[in-house]
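>>> What follows is a predicted protein model with its sequence.
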There are 6 protein chains.
Amino acid sequence: MTDLPILTWSRPSERAANALRAVEIRRGFTRYAEGSVLVTFGNTQVICTASIEEKVPPFLKGKGEGWVTAEYGMLPRATHTRGSREAAKGKQTGRTQEIQRLIGRSVRAVFDMKKLGERTLHLDCDVIQADGGTRCASITGSFVAAQDAVNVLIAQGLLTESPIIDHVAAVSVGMYKGEPVLDLDYDEDSQCETDMNVVMTGSGDFVEVQGTAEGAPFTRSDMNALLDLAQAGIAEIVTLQRQALAAAKPAA
Amino acid sequence: MTDLPILTWSRPSERAANALRAVEIRRGFTRYAEGSVLVTFGNTQVICTASIEEKVPPFLKGKGEGWVTAEYGMLPRATHTRGSREAAKGKQTGRTQEIQRLIGRSVRAVFDMKKLGERTLHLDCDVIQADGGTRCASITGSFVAAQDAVNVLIAQGLLTESPIIDHVAAVSVGMYKGEPVLDLDYDEDSQCETDMNVVMTGSGDFVEVQGTAEGAPFTRSDMNALLDLAQAGIAEIVTLQRQALAAAKPAA
Amino acid sequence: MTDLPILTWSRPSERAANALRAVEIRRGFTRYAEGSVLVTFGNTQVICTASIEEKVPPFLKGKGEGWVTAEYGMLPRATHTRGSREAAKGKQTGRTQEIQRLIGRSVRAVFDMKKLGERTLHLDCDVIQADGGTRCASITGSFVAAQDAVNVLIAQGLLTESPIIDHVAAVSVGMYKGEPVLDLDYDEDSQCETDMNVVMTGSGDFVEVQGTAEGAPFTRSDMNALLDLAQAGIAEIVTLQRQALAAAKPAA
Amino acid sequence: MTDLPILTWSRPSERAANALRAVEIRRGFTRYAEGSVLVTFGNTQVICTASIEEKVPPFLKGKGEGWVTAEYGMLPRATHTRGSREAAKGKQTGRTQEIQRLIGRSVRAVFDMKKLGERTLHLDCDVIQADGGTRCASITGSFVAAQDAVNVLIAQGLLTESPIIDHVAAVSVGMYKGEPVLDLDYDEDSQCETDMNVVMTGSGDFVEVQGTAEGAPFTRSDMNALLDLAQAGIAEIVTLQRQALAAAKPAA
Amino acid sequence: MTDLPILTWSRPSERAANALRAVEIRRGFTRYAEGSVLVTFGNTQVICTASIEEKVPPFLKGKGEGWVTAEYGMLPRATHTRGSREAAKGKQTGRTQEIQRLIGRSVRAVFDMKKLGERTLHLDCDVIQADGGTRCASITGSFVAAQDAVNVLIAQGLLTESPIIDHVAAVSVGMYKGEPVLDLDYDEDSQCETDMNVVMTGSGDFVEVQGTAEGAPFTRSDMNALLDLAQAGIAEIVTLQRQALAAAKPAA
Amino acid sequence: MTDLPILTWSRPSERAANALRAVEIRRGFTRYAEGSVLVTFGNTQVICTASIEEKVPPFLKGKGEGWVTAEYGMLPRATHTRGSREAAKGKQTGRTQEIQRLIGRSVRAVFDMKKLGERTLHLDCDVIQADGGTRCASITGSFVAAQDAVNVLIAQGLLTESPIIDHVAAVSVGMYKGEPVLDLDYDEDSQCETDMNVVMTGSGDFVEVQGTAEGAPFTRSDMNALLDLAQAGIAEIVTLQRQALAAAKPAA
């Protein structure tokens, strides 16, 4: 593993290059969804719910398999300046669609669809406060909400075996002022040269890697350093997921 | 005032006919909006933010007056069964538009637009948990968020005098099993004969009365009894608004 | 009943405070609809048609009940200045949706859906000239069109008993220059302090009351005076409905 | 001119092959538009209004020329069975767009845009009863409404000279049961082999010819016979336009 | 037939008044569609594909008949200046809808729908370079693509007999500088007085005639001269279609 | 560099694991765009045009910087079975938006926006035949079209210095039957376990890496092998870009 460089500057948040923000996973945040989680990565807060629907999309009908799909939204004033409401404008932005497709793919990667059976798990990720990393927080929280929803199915006798194969969690990494850093907040994200979102399983394999040079292109060795940081960060987050799930689910 | 009937049946919530649910008004719920309130009426929870924009809609340009407008939304899984996401469907329902128009009109009723000056106050009401009465909770919480946003303008020296003339708050009343009751929850709302939303000022005058016979038409004396209940309920809610505003605004 | 105040000023139309405009209900206005009425309240003119469709919306399928629904529109040049065409803009305004929901609810209030059977009555209200009170005229005319459509079903042997329980009609009232007045035209409507639309049955009970303070909030005693005016006005309108329906239906 | 064939069958309407339906042009039908005409071709009835707007579309700004544009709509129950409302569906059909483009082009053909000056004439054609030939009735009625609107501009001193160069009117012709007939009603239109809409000036020249073989293709000699019929029919219609315009404009 | 006038001026393209541009019909242009043609009329280039779908639209279900339908599009930079992308704007223009309806009607005119059986032929015409006459090129190319798709159905044994009754092709004619000319390119089209699109069968009958006076109205004798030109031009084009179809279909 | 495994199976295309498909870059494909390229990767064919617009989006106005943006589309029958036309459905899919955002970001990465000046380069990528890798082909072809457009600006004297800093090109790699392979065609793409799109500069740095586990998650060593393959493949493609640009631009 690449040695972590000694930063000659401070991150805006004063964190070490390999330090996550405070990550909290609060289960049972709202009362009607089968799974409902408030996930926070520092000042980023996302409500993730998992809802069970006893049918599948048309392309899966009759195949004996289930489906997991996600939608993402942001309250207009989750951000520093108010953004327009997508429902009022009548369409989701390209960014929204890209993120919700990513969340869906990420959680599907740890589901055995045969074991889920012909039902759909709807994940809804709604950002109530945004300070960078909303898509990674969404994936991390959605997994926990999905686990709670699966537990409901098992408790109701609708499933005898869990369709969940592994944990899945995500974190952002990036090149900021020329150095690799973990879990960028908005201040860093808006100024970094490279922004990379990494989604991994509990076993430490990759589900998705999306790296983008916002400024200067990045080298192969930057890439390696960023993946090292992400691997370690996600391992910490998976531990937090396990701890959250180990407790009894609180009432909303 | 009409005497409150002695109910021969229990309300599903076991409340007295003239009892509000637990109403809480939590200021500073999120950190970026000038005003941000989590309002709860029992299990109904709405995030109300107030955002200041230093311009007005085209029809007011150059008139020296401000504007207050509202948007309303519901997270897909705020309800018992998941509803579809308006942003994904590409349009707001008629119900959503009706509610956000009502919220805007209600809060405008207590603003002196000349004193607000050429700026817009955007109210965003997003329901995270819905158990009846979301529009009334939204109006009640929006007023408090609006007050906090006005306080920011005053603190910044952008206003020397408050444009807010009076409090405004709202509650629902209805004929349920033939008797008038206050502050209907979802169980009552979905079965009542008449549903009425009442919006009043702190001084006790009416801003809006919207009564609808869902089942049997209602009589003039039902009307009187419902207005009596609403007047008393709103007086209690205004007291809670005053208490919430009397405290220092907490950090998000 | 509250005494009607002696106005110290004239209404723009020179009417007494409790005087309706000339209300006319012309049946058989167009030839293809099962019910087709041109209703006029002074210079306000609305074509109301009732169309029978032998199926119900999905949520009612197989329940043995019918449905009544309404759509509302305004010709672009129904008004003093040309408004944009909703079909061309690709969406209905919030105002349009609010009105058509009100019309549908109002007429449904006097229908026994079991007796209607699994069919839908579509009410279309298209304003060809607008001088205030278009939603009240629409409700008033739609009831008559609905009655004619029901008569067609009875004449065809598709119904043996009418599903219509009572008349329904509507009128606007408002506080204008501080006094309650009946049936506001556009000049009054655009300047009144409070605007209230009242929908009542032939028996004199309320189906809907929607009062809005456009300017100063209104008091409980204003409310009472407005409801008195509305009750009397609607009684007159119901008489006109009865007279219109007593005649043979003219050919279009 | 081709001799008119002796029909060995009756038209559904019992008209002669070269007979128009009763054509009526009622000016001043509604009161707010600068020009407002109810035009009837038999059972087809269209409200045509002409509205003046003192600005031009962006592509004409600053060129010293005016513009004439048209929109077309049909009330949902103008037809034998109810059609869906375009505003509710959120888009105009291809048919609607095709027709309104045709109306606009046709009336523009008789306007001198320099003389109109930088203003727009909006033509709105709304079909309240449809029995075939609605686009031809719309063109015919729009011309008269446009003339009334121009007269308003002249009366107000905004124009000193009319921008109108000639009359324009339209009629449909078609091959029905193998023979050319004039002014098809819905029964004929839905069964004809060829349907042709012809738009001509008062001087007898062509503005638009749109012929479509719905069934068998048509020959060059069919074409000639159809154009003969249309020329004669339009000459009659132009005479009716002149008569309608010769009278004083009635109050709405 | 009218004598062709001796032009006292040159056409921008230096062609004779009755000369087509170079027309090429390249079959097998792309590899997946059942029929795929690149048609060129001078600098106008359109990809026409014909796709078979083994079902029909709802209005034809169970009637034992097939359907032919067309869609039309233009790449944003097919033209001299970039046009906006209809998919990005979220709607097709009126012009696009008008053209695709015309293409569909034209090709349907030479199909026996009973013989096609319950399947749909989708024609897609996408303009990659536009220099006038794109709708005529689209009809001409679509017919050839449709023929290739029908040949696939016959080769697969799904049809034993061709549903194609005749050829169909199209050309534009127009009055340019007062004289009738054949096959207008963009330079001529944008300046002509009359523009006419003519669609004819291989047997020389008319399927569609759409003539529009863009400038001065046209006379009956102009009309005759234009139809003469079109008839001769289409005969040439049909010959080119036959030659293209006589060759073996090349691989894409 | 990781040694390339000896495959014990054949790729469907019989290519070696590190072999590109035939890549061709045809400049001057259509005549009106400032840059127009037909790029082919095997059976994948994309028309890429670059259009210059002498203005920038609102957020850049007055900043002295240019912009590069991209739109992407696919002809309905570019694929094995016909897809629906986005313009007809009235919205672009999430996939389309994701791809066009990627193309824009990729080409922006090699532009110096200050040197481009206040103008926009619009890239349009329209897939006429799709056999996997359309986004990579689009980026590769767009770069060449962009270079041709910049050359036009230089030739016209509008730029004195090129804003292009480096080449940019893209290729897909993936884990197919457990082994890393280069440049997946549709057969491989639809069955691979991991699909990764890599965008690199001519200097060999990364602009974007998007890897997705469609089946089993991928390991860190899979990642390394895939990046090795991509680096080598992109180097070959950049050479082909250079060769294409070295020739004189052919006439369309």
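Right, received. Where do you want to start?
>>> Mind telling me which residue of the stretch 51-200 of chain A is nearest chain C?
The nearest approach of the stretch 51-200 of chain A to chain C comes at A:G90, 7.5 Å away (CB to the nearest CB). Heads up, the C-betas are built off the backbone N, CA and C, glycines and all.
>>> Pretty sure that residue sits against C:K91.
Yes. Counting by CB atoms under 8 Å, A:G90 touches C:K91, with 7.5 Å between them.
>>> Show me the common contact partners of these two, please.
B:K91 (CB atoms under 8 Å, 6 or more residues apart in numbering or on different chains).
>>> Strands along chain A, start to end?
Taking DSSP state E as the criterion, chain A contains strands spanning A:23-27, A:35-41, A:44-53, A:67-74, A:120-129, A:168-176, A:179-182, A:194-201, A:206-213.
>>> Find the residue closest to the residue of the stretch 51-200 of chain A closest to chain C in space, skipping its chain neighbours.
The shortest distance from A:G90 to any residue other than its chain neighbours is 4.9 Å, reached at B:G90 (CB to CB, 6 or more residues apart in numbering or on different chains).
>>> What is the neighbour count of the one you found?
As a burial measure, B:G90 scores 18 neighbours (other CB atoms under 10 Å in any protein chain shown).
>>> Tell me the spacing between it and C:A213.
34 Å (CB to CB, to the nearest Å).
>>> Return the residues in contact with A:S106.
Contacts for A:S106 were tallied using CB under 8 Å, 6+ apart; they are A:I139, A:S142, A:V168, A:A170, A:V199, A:V207, A:E208.
>>> let's see 6 Å
A:I139, A:V168, A:V199, A:V207, A:E208 (CB atoms under 6 Å, 6 or more residues apart in numbering or on different chains).
>>> now do A:V152
Residues near A:V152 by CB under 6 Å, 6+ apart: A:E34.
>>> okay, A:I6: pLDDT?
Here the pLDDT value assigned to A:I6 is 65.
>>> Tell me which of the strands of chain A approaches F:Q129 most closely.
strand A:206-213 (27.7 Å; CB to CB).
>>> Touching that closest one from outside, list them.
Outside strand A:206-213, the residues touching it (CB under 6 Å, 6+ apart) are A:106, A:109, A:194-200, F:109, F:207-213, F:217-218.
>>> where does the stretch 151-252 of chain A have low pLDDT?
Residues of the stretch 151-252 of chain A that meet the criterion pLDDT under 70 lie in A:252.
>>> again but with the stretch 1-150 of chain A, I slipped
A:1-8.
>>> all helices of it, in order?
For the stretch 1-150 of chain A, the helices defined by DSSP state H, counting those that start in this stretch cover A:86-89, A:94-108, A:113-116, A:134-155.
>>> Please identify the deepest-packed of these.
helix A:134-155 (a mean of 25; mean count of other CB atoms under 10 Å in any protein chain shown).
>>> okay, the angle between that one and strand A:168-176?
Interaxial angle, helix A:134-155 versus strand A:168-176 (axes from the mean of the first three to the mean of the last three CA atoms, to 10 degrees): 170 degrees.
>>> between helix A:134-155 and strand A:23-27, how big is the angle?
Per the same axes, to 10 degrees, the angle that helix A:134-155 makes with strand A:23-27 is 30 degrees.
>>> Put the alpha carbons of helix A:134-155 into PDB.
As requested, the backbone C-alpha atoms of helix A:134-155 are provided in PDB (Å, rounded to 0.1, in the frame of the first residue of the first chain):
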ATOM      1  CA  THR A 134     -24.300  12.600  -1.000                       C
ATOM      2  CA  ARG A 135     -24.200   9.700  -3.500                       C
ATOM      3  CA  CYS A 136     -21.800   7.700  -1.300                       C
ATOM      4  CA  ALA A 137     -23.800   8.400   1.800                       C
ATOM      5  CA  SER A 138     -26.900   7.300  -0.100                       C
ATOM      6  CA  ILE A 139     -25.400   4.000  -1.100                       C
ATOM      7  CA  THR A 140     -24.100   3.400   2.500                       C
ATOM      8  CA  GLY A 141     -27.500   4.200   4.100                       C
ATOM      9  CA  SER A 142     -29.600   2.400   1.500                       C
ATOM     10  CA  PHE A 143     -27.800  -0.800   2.200                       C
ATOM     11  CA  VAL A 144     -28.800  -0.600   5.900                       C
ATOM     12  CA  ALA A 145     -32.400   0.300   5.000                       C
ATOM     13  CA  ALA A 146     -32.400  -2.600   2.500                       C
ATOM     14  CA  GLN A 147     -31.200  -4.900   5.200                       C
ATOM     15  CA  ASP A 148     -34.000  -3.800   7.500                       C
ATOM     16  CA  ALA A 149     -36.600  -4.300   4.800                       C
ATOM     17  CA  VAL A 150     -35.300  -7.800   4.100                       C
ATOM     18  CA  ASN A 151     -35.600  -8.500   7.900                       C
ATOM     19  CA  VAL A 152     -39.200  -7.500   7.700                       C
ATOM     20  CA  LEU A 153     -39.800 -10.000   4.900                       C
ATOM     21  CA  ILE A 154     -38.100 -12.700   6.900                       C
ATOM     22  CA  ALA A 155     -40.000 -11.800  10.000                       C
END
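>>> now the angle from that helix to helix A:94-108?
Orientation check (the same axes, to 10 degrees): helix A:134-155 against helix A:94-108 gives 40 degrees.
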